[in-house]
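**Q** Sequence and computational prediction follow.
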Amino acid sequence: MKNSHWFLFICLIASFMFLFMDSLAYIIPYHEQQELFLFSRSYQESYLYESGGLGRYMANFITQFFYYPYVGKVIFTLLLSFIYLLPCLICQRIERQNDPLHLAVLIPLYLLIQFESIDFKFYHASNIICYLLIFYCLSFLRKRYFYYSLIPISLITVFYLGWIPLLISVSVIIISGLSAKYLSRFFTDKKYYYCLSICICLYAGSTSYLFIINYNMKEWLLLEAEDHLKKKEWEKVLHCADKFRGNNQLMEYFRNMALFHIGRMPYDLLKYPQTKGVASLYLPWTGEPERSRYGHYIYEQLGYINEAHRWAFEAMVVYGETAPIITNLIRYNIAIQRYGVAHRFINVLKQSLFYKRDTEIYERMIREKQSPFPNALSYNPEEKVRFANILNIGPELSYLCDRDSSNQMAFEYLMSDLLLSNQITRFAENLGRIRTFPYASLPRLYEEALYTYKLGVDKETYDKLGFTISEETEYRFRTYYTLYRKKEIKKLKEQFGDTFWYYLHFLSPYGNKIIDKQ
Amino acid sequence: MKHTQYIVLIYSLLWIVSACKQTGVTPDIQTSKSINIFPDYTGVTFPSNIAPPNFRIMEKGEEYYTEIGNQNQIYTRLRSKQPSVVIPQKKWKELLNDTTGNMFYIRICIQQDNKWIQYPDIINNISKSPIDPYLAYRLIYPGYELWNQMGIYQRNLSTYEESPIIENKSVEKGCINCHTFCKNSSETMMIHIRGKMGGTLIKQQENFSRLDIKTPEMNNGGTYAAWHPAGRYLAFSVNEIQQYFHSTGPKAIEVADSESDLIILDTKTNHLITSPAIYGNEWMETFPAWNPDGTMLYFCRSKAIDKKTPLSNIRYDLYRISFNAEKRDFGSPECVYKASEKGKSVSFPRISPDGKYLMFTCSDYGNFSIWHPESELYLLNLETNEIRNMEEVNSTDVDSFHTWSSTGEWFVFSSKRQDGLWAHPYIAKFDTQTGMACKPFVLPQEDPDFYLKFTKTFNLPELITAPVKNRDQLIRKTRNNKETVNREVLFR
């Protein structure tokens, strides 16, 4: 009975560790990527003079160790578990007995549920633990002095750590203390164990229920997919996209990138929903701050560094100096040969503990004038000034293809953009660019679109393109058309749901008509 | 025995004191190669009330020795393994007091391979005239469209103390911009706020108001502002601003107006006044600036453009128009400098407090010179009509937005000379007799490496004679909708 809190503490450690290894694994790198702790006076000062700033500063200090996910999992686990243990120890020191209901466990369980949302900040937990540690130290004083010192210490620390964690910490100590003082007498050893078992069942059951109903699978999959995208694990991106239920522009954007990288874009693009039409291929600039940290991916891979840089810069304005944003800005500025700017960001990264080592690579790149993006669009000062179309990627893809005919990603994205926007004439006009690339034969979707084009133009116009349509495609179209005329929509969807014809007739957000040259 | 203890104690204390006191070094070698320090505080003239210009020695060495003094005495000796030189504030103040109107030196010795090398002394001047004690600026990330945290701050130039005038966290994270003061006075000022609590915040002594500088018949609201010297009228340009992003190359962005005109707000009646001479479709007028007696409004003007006009063809000339404050009417616009004929474009005209000089920014085209690396400061002598490139202050990168001190003996401007992206405030002494400026220096910071790491840009530096007070009231009035938004703005 006396040591039951140690038993519960170990149970908590085991449960939290399991969750952070499994279902909540994604929150560790997420929190780490949101803050960049810097060992500098100005960084320290930016926190210390604000209410609750010291708490956030300490939380950021701890968060930097999440760079190693396993360390993060251990820290998170211990932190939550100690939020239970410390009030128990304080209670035991003051009242000389345990809280039979173990009410202190409710706080870490509540925090666990809150941490399911990535928006719940880590400092909420770390501030509570700071208060509890302070109170634990005070508990070594005599009981009377403990109570006397509680108020002045709280007043001193409230500015630095915030009043909400103070309120929570004091409440949990008082409630546990009262419970220990007044309820313990009703429990014999046997009753106590019954009580403990019931409490564990009750707490575990209600937490599991709340955990499951609050669990945001979509958020998890999006974060997982983004993480794989950064690591260029394209099959895993597709795997996440497959598991994702419902339509989401960001996931479609990630999936299309993965489709290109595994070489399936001209074949499987329409196997998956493209609910936003061309906006499933990229994120059009809408000025929404939340989008700013995702838009750069596609431009970076296309080698369109000025646009990637613009997105990264806007992301820094919104989210501040986080490690991924600063790293992107360094790489992009090196590619654009703005070395002075890159150096300034390198100097920022040098003040961090774990990203410092990356700066040597970037400094070497600057010294040797290497570009981190060998496929980056080159700059020709003699070229006529051209401005990017930030609302529509179509003209940008044409420009990229014109500037570099070997840019296969730009080509496939251009073709996909024209297919998804029903622009068959422009598709046919641009199809000739395919001859630069080593496709064994005309990809299925291209052939389907080309056949649609062929049906709408005279022979002479079509022959100028110099492409032939396979008999198989013609046969498939006849079958499609027969089913279409019979209005056998279900069969059509089953057999032809991934074809361009089906997309054009039933799915395109731009209607079922071919949009002619614009 | 007791005496012995005292003697040991006194000797120990003396030893500690002498150890703390830096002593000079005897150089083994003297080199004629000039030394590189960052920021560049060499050959500059400091005002007599500036904070210590801390710097970093940009040479490698095992140990560094820095001595600062004038012809009469040495004020500080610093010996360190680190190349950073942080000048003690007290010693610096003594130096400033004793050296006004004279030169002082910075002597640097570096130990390399166990030999002390002495570099040629850096000679700087301390002017007799102080600078306005505060500098107001906006700190933002140099982004394009989005924003999050920003604020307008005032920096005490005698110390490093920086305090917010207003931060956007107080105004629902709105965008705050274009702070403008009347004759360097913090008593009469305005700030634009965009967002939920948007409007133009006007402070005149203890009176605050928040207005929407736009009437239904106007396409655009008030943007760039200039206070009439009497503090009653506020000239605004009303601009439709567009951004364009370069597809390739190191130049990121172009900002251009697609239309702009001038209006004047009478803050007493909240009436807007304008004239067809400065408001219409034929021309684009922007960047208003008053002469010291308020009889003449200077501005930049370009032919109106259409969608096909290449940005590189938009060039602004310097114009002025007379204004009668009593009758509230305008004369006819007259061209002061036809920059477009020379393939140049004018922005930010600013007239010195004595009315003798007009400083402006000159770029190859457009008016948003802060994104033009070729932007340079030019000076027009209004008595002789001579115009010259201020080569003594310009750099190879952007040198733009400038403001005079209240005495006209100093001016501050934004320069991106360090790396082309971040604007930093540079201060230069100006000789009102000869019209020549001294070499500019960047605003001193406590951390010598500040400008190597700081990733926000100093936007619109303005010198002010006293700090902005009643900051809480400023925020309260901004938040108080009832008092502020129901005021009528009419078009005359």
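**A** Yep, that arrived. Numbers count the residues shown, from 1 in each chain, chains lettered A, B, ... in the order given.

**Q** So what's the residue count around residue 342?
**A** No chain specified, so I'll use chain A. 23 (other CB atoms under 10 Å in any protein chain shown). Bear in mind the C-beta positions are built from the backbone N, C-alpha and C, glycine included.

**Q** I was after chain B.
**A** 11.

**Q** From A:L8, how far out is it?
**A** B:K342 sits 82 Å away from A:L8, going by CB to CB, to the nearest Å.

**Q** Equivalent analysis for B:F104, please.
**A** Distance from B:F104 to A:L8, by CB to CB: 70 Å.

**Q** got the contact list for A:S117?
**A** A:N214, A:N216, A:E219 (CB atoms under 8 Å, 6 or more residues apart in numbering or on different chains).

**Q** For the residue of the stretch 101-250 of chain B found nearest chain A, which non-adjacent residue is spatially closest?
**A** The stretch 101-250 of chain B approaches chain A most closely through B:G143 (3.5 Å), counting by CB to the nearest CB. Leaving aside its sequence neighbours, B:G143 sits nearest to A:V317 (CB to CB, 6 or more residues apart in numbering or on different chains; 3.5 Å).

**Q** Helix, strand, or coil at the one you found?
**A** Secondary structure for A:V317, judged by DSSP: H, G, I helix; E, B strand; the rest coil, is helix.

**Q** and A:S23, what helix or strand is that in?
**A** Counting by DSSP states H and E, no helix or strand carries A:S23.

**Q** Thought A:Y215 was touching it, still the case?
**A** Yes. A:S23 sits in contact with A:Y215 when judged by CB atoms under 8 Å, with a separation of 6.8 Å.

**Q** Outside of the host helix or strand of A:I326 itself, which residues are in contact with it?
**A** According to DSSP H and E, A:I326 maps onto helix A:323-335. The contact list for helix A:323-335 (CB under 8 Å, 6+ apart) reads A:32-33, A:36, A:230, A:293, A:296, A:300, A:305, A:308-309, A:312-313, A:315-316, A:319, A:339, A:341-342, A:345-346, A:348-349, A:352, A:355, A:358, A:362, A:365-366, A:370-373, A:376.

**Q** For chain B, tell me which of those show up nearby.
**A** Within the set of the contacts of helix A:323-335, contact with chain B (CB under 8 Å from any CB of the partner chain) is found for A:H309, A:F313, A:M316, A:Y319, A:V341, A:F345, A:V348.

**Q** So which of these is the closest to B:S34?
**A** A:V341 (27.0 Å; CB to CB).

**Q** any idea how far the helix or strand encompassing that closest one is from the chain center?
**A** Using DSSP H and E, A:V341 sits in helix A:339-349. Put simply, helix A:339-349 sits 25 Å off its chain's centre (CA atoms, centre = their mean, to the nearest Å).

**Q** likewise stretch B:173-187?
**A** When distances are taken as CA atoms, centre = their mean, stretch B:173-187 is centred 13 Å away from the chain's centroid.

**Q** name the element the residue of the stretch 51-200 of chain A found nearest chain B belongs to?
**A** In the stretch 51-200 of chain A, the residue that lies nearest chain B is A:S51 (12.1 Å; CB to the nearest CB). Per DSSP H and E: A:S51 is located in neither a helix nor a strand.

**Q** That one against A:F159, yeah?
**A** Yes. Taking CB under 8 Å as the definition, A:S51 is a contact partner of A:F159 at 5.8 Å.

**Q** that older thread, show me what contacts the residue of the stretch 101-250 of chain B closest to chain A?
**A** Contacts for B:G143 (CB under 8 Å, 6+ apart) come out as A:F313, A:E314, A:M316, A:V317.

**Q** can you count the residues close to residue 167?
**A** Since you didn't name a chain, this refers to chain A. By other CB under 10 Å, neighbour count at A:L167 equals 14.

**Q** please go with chain B instead
**A** 17.

**Q** So what's the residue count around the closest residue to chain B within the stretch 251-400 of chain A?
**A** As assessed by CB to the nearest CB, chain B sits closest to A:G340 within the stretch 251-400 of chain A, at 2.9 Å. Per other CB under 10 Å, the neighbour tally for A:G340 reads 17.

**Q** nearest spatial neighbour of it, skipping sequence neighbours?
**A** That would be B:D419: by CB to CB, 6+ apart, it lies 2.9 Å from A:G340.

**Q** quick one: A:C11 is in a helix?
**A** Yes. Under three-state DSSP, A:C11 sits within a helix.

**Q** if I look at A:D516, how far off is chain B?
**A** 23 Å (CB to the nearest CB, to the nearest Å).

**Q** In three-state terms, label the residue of chain B found nearest chain A for me.
**A** Relative to chain A, the nearest point of chain B is B:D419 (2.9 Å; CB to the nearest CB). Secondary structure, three-state DSSP: B:D419 is coil.

**Q** low-scoring stretches of chain B, by residue?
**A** B:1-23, B:480-492 (pLDDT under 70).

**Q** That one - how does it break down into domains?
**A** Chain B breaks down by automatic domain parsing into domains covering B:25-126, B:134-483.

**Q** just the CA coordinates of the helix or strand containing A:Y267, formatted as PDB?
**A** Using DSSP H and E, A:Y267 sits in helix A:265-268. Once non-C-alpha atoms are left out, helix A:265-268 reads as follows in PDB (Å, rounded to 0.1, in the frame of the first residue of the first chain):
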ATOM      1  CA  MET A 265       2.600   9.600 -62.700                       C
ATOM      2  CA  PRO A 266       1.600   9.200 -66.400                       C
ATOM      3  CA  TYR A 267       0.000   5.800 -65.700                       C
ATOM      4  CA  ASP A 268      -1.600   6.000 -62.200                       C
END
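
**Q** how far out from the middle of the chain is it?
**A** Remark: helix A:265-268 is offset 25 Å from the chain centroid, using CA atoms, centre = their mean.

**Q** Counting by contacts, list what that helix packs against.
**A** Helices and strands touching helix A:265-268, as assessed by 3 or more CB pairs under 8 Å, 6 or more residues apart in numbering or on different chains; DSSP states H and E, comprise helix A:249-261, helix A:408-420, helix A:444-456.

**Q** Distance to A:Y110 and mean neighbour count for those - can I get that in JSON lines?
**A** Below are the helices and strands packed on helix A:265-268 laid out as JSON lines (distance: least, CB to CB, whole Å; neighbours: other CB atoms under 10 Å in any protein chain shown):
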{"stretch": "helix A:249-261", "distance to A:Y110": "30", "mean neighbour count": "22"}
{"stretch": "helix A:408-420", "distance to A:Y110": "45", "mean neighbour count": "24"}
{"stretch": "helix A:444-456", "distance to A:Y110": "51", "mean neighbour count": "21"}
